[in-house]
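K.L.:
Sequence first, predicted coordinates after that:
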Amino acid sequence: MFAGDDTAEVSLDLPCRAVCAVRANRNETQFLVGSCSTSETNRIHVLHYNNNNNNNNDEVNVRAQLVQEQGPMEVICSSPKDPTLLCTAHSSSQLLLQQLPDEAVVTTTYSSDDDRMDATSSTTMEQLIALETNGIVSDISWGDESSTGELLFITRSGHLTQFDIETQQFIRTLSLESSTTLPRLQWDPHANGHAVAVTVGKRVHLLDWRTDTSIPTGTVDAFVAHRRPGHVTALDYNPNKPYVLATGGQDGLVQFWDLRLTNRPLLVARGGHSHWISSLQYNPFHDQLVLSSGTDSIANLWRMSTISSAPLLTNDADVVNGEEEDDDNASETAGPNARIARHEHVDAIYGSCWSAADAWVYLTLGYDGKVQCHSVPSKEKYKILL
């Protein structure tokens, strides 16, 4: 890890690959982690991150463990409106809408540690909706706060389904060509629910729901994002700047695209990964920051200022509050676009995500169940805020 990194760790003692932030909780930093054991009972772990600025002793605690009898979890996704609602996809080809107990996620004042929910106990959740999917679901994207509860999910075989939670009705199902890599998808946050990006092999398909037709006639555009040696494995839209999409691939590259002109990428981040990129996320508050993680056990935090909605006013990345920063990483983090933090796990990293409550906190998850919570370096905060 780079010097000066604030990291809190916890081990969940089960293999895990599914993680998400509790999106609807804007007061506390909370995450949901789902295990994927084939031999033990699986659980959803509710994690709470406490950033104690007074003594610089950050902590991440398991607030609750909830039993999942449906088998290993492939994907977990939280509601943007209700902190107790979540959707999980399982290797048994099931997709479940479930409700957490209020005490697991709702902010409560405790008089002592004994009053907290016992994290070692096995607790069940209320199952609201159970869907049998046409294969194992590889990705889920829940509509934003302004949507009507629409859920989008895609199976490994390329079946894309849109489901309305409120009416419990299927809106449409499309069949894409199958691929040897897991397809990924993401709603376009700037298109009012009309557009979605889907990966298929080396290509990214941009779909427009207003056409109400199937692929390829329902495709606004499709472009080759990663050529050699492999396929697209992760993607995310810039939350603040329209038409900008980030992709990660088997080639270990992070690439940024202007969707109005896709013959070449806007920018390419090289050298951060030596194997597949498994997760890629923009910071939801400050789009200068991008988080990538991979099966090489590495997670990287990138500063991509020149293509952000608010580029830095100076290219000197080593000056903070008018004083030169003297550390071992000055040369590596210099310039407007650079890798500003690197974290290493023992096992492959299949999931990483940003906090929904704190713009400067993010989590990385190793397959061995080791969780690390990190903070953006202070000098990077100054560059963005000042």
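P.N.:
Cool, got the structure.

K.L.:
Could you report the distance from Phe163 to Ser37?
P.N.:
Using CB to CB, to the nearest Å, Phe163 is found at 28 Å from Ser37. The way it works is simple: take the backbone N, C-alpha and C, and place the C-beta from them, glycine included.

K.L.:
Neighbour count for these two, which is higher?
P.N.:
Comparing Phe163 with Ser37 by neighbour count (other CB atoms under 10 Å), the higher total belongs to Phe163, at 21 against 16.

K.L.:
On the three-state scheme, Lys379 is what?
P.N.:
With DSSP: H, G, I helix; E, B strand; the rest coil as the basis, Lys379 sits in helix.

K.L.:
Check it and give its pLDDT.
P.N.:
Looking at Lys379, its pLDDT is 90.

K.L.:
and it, how many neighbours?
P.N.:
Neighbour count of Lys379, defined by other CB under 10 Å: 17.

K.L.:
how far away is it from Thr29?
P.N.:
Noted for Lys379: a distance of 21 Å to Thr29, by CB to CB.

K.L.:
and if you look at Gly335?
P.N.:
To Thr29, Gly335 is 30 Å away according to CB to CB.

K.L.:
The two: which is more packed in?
P.N.:
Neighbour count, other CB under 10 Å: between Gly335 and Thr29, Thr29 has more, with 24 against 15.

K.L.:
Please name the bridge partners of the more buried one.
P.N.:
On the basis of DSSP bridges, Thr29 is bridged to Tyr49.

K.L.:
now Gly294
P.N.:
Ile277.

K.L.:
ok, now Arg203?
P.N.:
Beta-bridge pairing of Arg203 under DSSP bridges involves Val200, Val224.

K.L.:
Tell me if I'm right that it and Phe223 touch.
P.N.:
Yes: if you go by CB atoms under 8 Å, Arg203 and Phe223 touch, sitting 6.6 Å apart.

K.L.:
pLDDT below threshold where in the protein?
P.N.:
1-5, 52-57, 107-122, 145-149, 211-220, 313-332 (pLDDT under 70).

K.L.:
Which parts of it are helices?
P.N.:
Ranges of helices in the chain, per DSSP state H, are 102-105, 378-385.

K.L.:
of those helices, which approaches Trp276 most closely?
P.N.:
Within the helices of the chain, the stretch nearest Trp276 is helix 378-385; the backing value is 26.5 Å (CB to CB).

K.L.:
List the buried residues of the closest one.
P.N.:
379-381, 383-384 (16 or more other CB atoms under 10 Å).

K.L.:
again with stretch 36-52
P.N.:
Those would be 36-37, 42-49, 51, for stretch 36-52 by 16+ other CB under 10 Å.

K.L.:
farthest pair in those residues?
P.N.:
Ser37 and Asn51 (30.4 Å).

K.L.:
rewinding a little: could the helices of the chain go into TSV alongside distance to Ile76?
P.N.:
Shown next, in TSV, are the helices of the chain (distance: least, CB to CB, whole Å):
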stretch	distance to Ile76
helix 102-105	13
helix 378-385	28
